[in-house]
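Asker: structure here, sequence nowhere to be found:
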């Protein structure tokens, strides 16, 4: 994960004072993309990130699925997972 720009506060202060983005780039010697991204974000906080879905692979669930398949070999793993409400991984 990328660290937030340490100079984001300075960028926003200069921008609020009316300094143009090109002058901010020259003064702080920062990449153009960094300055424009900080101005677009408009805050010192980072954007919220999407998180991975939580998947459960506990021994208990493994045993349950294994027993179900042993009882009925025609039963699919996908069907068992759906019945147990285990999220699908893609």
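Answerer: It's in. Please read these numbers as outputs of a predicted model, since none were measured by experiment. Numbering: from 1, shown residues only.
Asker: which pLDDT value belongs to residue 21?
Answerer: Looking at residue 21, its pLDDT reads 95.
Asker: do the same with the one 10 residues further on
Answerer: pLDDT for residue 31: 93.
Asker: against residue 25, how distant is it?
Answerer: Distance, residue 31 to residue 25, by Cβ to Cβ, to the nearest Å: 8 Å. From N, CA and C alone the C-beta is placed, and that goes for glycine too.
Asker: in terms of neighbours, single out the busier of the two.
Answerer: Shown here are residue 31 and residue 25; by other Cβ atoms under 10 Å, residue 25 has more neighbours (17 against 11).
Asker: which strand or helix spans the nearest residue to that one once chain neighbours are set aside?
Answerer: Excluding the flanking residues, the one nearest residue 25 by Cβ to Cβ, 6 or more residues apart in numbering is residue 35, at 5.3 Å. Assigned by DSSP states H and E, residue 35 belongs to helix 32-41.
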